[in-house]
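Engineer: heads up, no residue letters with this:
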């Protein structure tokens with residue numbers, strides 16, 4: 001005979017001991033305790049409904065409606081005080097609440113599309129409410145970065161590779177600030193079998209809140225924001241990687257160095273612009289708009305080729321940038337930078353490939369480690385033609401020459417047309 005299944009738990013125990021039993025042996029018969037009376041039947045309306053077909057249908061409809069309402073509330077995230085992971089199951093409640101000073105946080109998300117789709121972007125919105133009014137929002141996204149062109153590509157680069165962004169380190173390709181963060185997903189996330197020599201598209205997870213360059217942010221808020229954003233973006237990447245079946249996960253990042261702000265920024269050294277030997281700020285560009293410099297935290301220009309993304313902003317202490325210099329030595333990201341300028345941009349000569357339009361100059365070279373992009377950007381010149389005082393073009397040749405040596409590109413000379421040779425150029429566009 002098959003063995004009887006063992007009963008476990010208090011309910012099973014009650015069922016087994018519910019009737020009287022006797023024990024054989026030398027001792028007297030023992031009376032088992034009387035069974036506990038069962039609950040009396042309820043003669044109410046619900047009992048009568050449950051005994052008729054129409055009643056059963058009504059009860060079923062009520063239960064279905066309640067379950068449906070619960071599911072809809074769950075899907076729209078309107079259940080307060082329920083701890084659960086959001087943004088595709090990636091972010092726990094403590095990670096989410098660290099992003100906000102408010103406690104009433106709600107989220108909505110689009111479906112996470114498969115990694116086989118080349119053109120992909122999906123988002124998750126986390127919103128903090130105070131007195132039932134929206135006070136702040138953080139947007140998480142997963143997108144194919146390698147498909148961006150023109151103004152869209154430059155908009156992402158300007159926000160996510162600025163001198164306010166600190167590299168995450170620990171083997172993670174990504175950066176964070178108090179209001180922006182990103183992580184590149186590894187190639188193992190791709191489900192599509194790419195042919196030999198064919199590169200899969202670059203995909204990233206990002207977080208964005210408030211302005212990319214917040215004005216007047218105090219040290220406490222900047223520190224708290226950087227810690228929260230850096231931890232959250234790595235957790236977001238881990239959750240997405242798990243859904244895609246990628247290699248991983250990543251460990252939480254260490255405490256990152258915060259970008260200095262305002263009076264913390266060092267003064268401009270016109271003879272060693274951004275700390276780079278051989279790069280000078282033209283005398284006609286000196287003034288109150290170019291008093292201080294901000295560089296990528298935790299990096300040092302000219303010291304090592306390990307810093308794959310480096311940026312420097314020449315700016316006012318509490319104002320916009322006068323000039324941004326940038327080196328992107330990550331081949332995939334350099335490919336994105338190379339697609340910023342369209343076919344109508346004016347070409348630059350030299351060993352590499354370059355062009356300029358408006359206030360933006362980009363030069364790309366094929367080096368030992370792969371493609372490297374060098375950028376000189378003069379904000380506020382997007383819709384204007386270059387004149388004989390283009391700061392970006394004036395600095396670009398010496399900047400490329402110095403940085404090319406640092407990242408292992410060797411001798412690199414950029415040929416910039418003279419002012420009378422420069423045609424009227426177009427602004428950065430999506431063409």
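Structural biologist: Thanks, I have the structure now. The structure displayed is predicted, hence computed values, not measured ones.
Engineer: CA only for contacts and neighbour counts going forward, please
Structural biologist: Noted.
Engineer: separation between the residue nearest to residue 410 when sequence neighbours are not counted and residue 353?
Structural biologist: Spatial nearest neighbour of residue 410, excluding adjacent residues (C-alpha to C-alpha, 6 or more residues apart in numbering): residue 404 at 6.0 Å. The spacing between residue 404 and residue 353, counted by C-alpha to C-alpha, to the nearest Å, is 13 Å.
Engineer: who's more crowded, these two?
Structural biologist: When neighbours are counted by other C-alpha atoms under 10 Å, residue 404 and residue 353 differ, and residue 404 comes out ahead with 24 against 16.
Engineer: Can you tell me the SS state at that one?
Structural biologist: Using DSSP: H, G, I helix; E, B strand; the rest coil as the criterion, the local structure at residue 404 reads helix.
Engineer: Helices along the protein, start to end?
Structural biologist: In the chain, the helices defined using DSSP state H lie at 9-16, 45-50, 53-75, 93-98, 150-160, 219-244, 331-338, 391-406.
Engineer: Is it correct that residue 416 is in contact with residue 348?
Structural biologist: Yes - shown here, residue 416 and residue 348 form a contact pair, counting by C-alpha atoms under 8 Å, at 5.8 Å.
Engineer: give the contact list for the residue nearest to residue 410.
Structural biologist: Under the criterion of C-alpha atoms under 8 Å, 6 or more residues apart in numbering, the contact partners of residue 404 comprise 410, 411, 412.
Engineer: what does residue 377 give?
Structural biologist: Contacts were defined as C-alpha under 8 Å, 6+ apart; by that measure residue 377 touches 323, 324, 325, 359, 360, 361, 392.
Engineer: Quick one, which of those are buried?
Structural biologist: When neighbours are counted using 16 or more other C-alpha atoms under 10 Å, those contain these buried positions: 323, 324, 325, 359, 360, 361, 392.
Engineer: Bridged to the first one, which residues?
Structural biologist: If I follow you right, that is residue 323. Here residue 323 shows beta-bridge partners residue 314, assigned using DSSP bridges.
Engineer: So for it, what's the pLDDT?
Structural biologist: Confidence per residue is given as pLDDT, and for residue 323 that number is 94.
Engineer: Poorly predicted segments of this structure, please.
Structural biologist: Confidence mapping of the chain against pLDDT under 70 gives the ranges 1-83, 102-103, 115-118, 190-199, 216, 300-306, 381-388, 419-431.
Engineer: By residue count, tell me the biggest strand in it.
Structural biologist: As assigned by DSSP state E, the longest strand anywhere in the chain is strand 133-144.
Engineer: Which residues does it contact?
Structural biologist: Judged by C-alpha under 8 Å, 6+ apart, the contacts made with strand 133-144 from elsewhere in the structure are 87, 99-100, 112, 118-129, 201-210.
Engineer: can you rerun that using 6 Å?
Structural biologist: Outside of strand 133-144, the residues within contact range by C-alpha atoms under 6 Å, 6 or more residues apart in numbering are 119-129, 202-209.
Engineer: and what of stretch 225-244?
Structural biologist: For stretch 225-244, contacts defined as C-alpha under 6 Å, 6+ apart pick out 90, 98, 99, 176, 177, 178, 189, 249, 252.
Engineer: what's the answer for stretch 99-114, then?
Structural biologist: Where contact means C-alpha under 6 Å, 6+ apart, the residues beyond stretch 99-114 that reach it are 122, 123, 124, 125, 126, 127, 128, 129, 228.
Engineer: Spatially central residue in this protein, please.
Structural biologist: residue 206 (1.7 Å; C-alpha atoms, centre = their mean).
Engineer: how much space between that residue and residue 376?
Structural biologist: The spacing between residue 206 and residue 376, counted by C-alpha to C-alpha, is 25 Å.
Engineer: Show me what residue 86 bridges to in the sheet.
Structural biologist: Going by DSSP bridges, residue 86 is paired in beta bridges with residue 91.
Engineer: Could you tell me how many residues sit around it?
Structural biologist: Residues lying near residue 86 (other C-alpha under 10 Å) number 22.
Engineer: how about residue 87, what does it touch?
Structural biologist: Residue 87 neighbours (C-alpha under 6 Å, 6+ apart): residue 124.
Engineer: so residue 297 makes contact with residue 259?
Structural biologist: Yes - Residue 297 is in contact with residue 259 according to C-alpha atoms under 6 Å; the separation is 5.5 Å.
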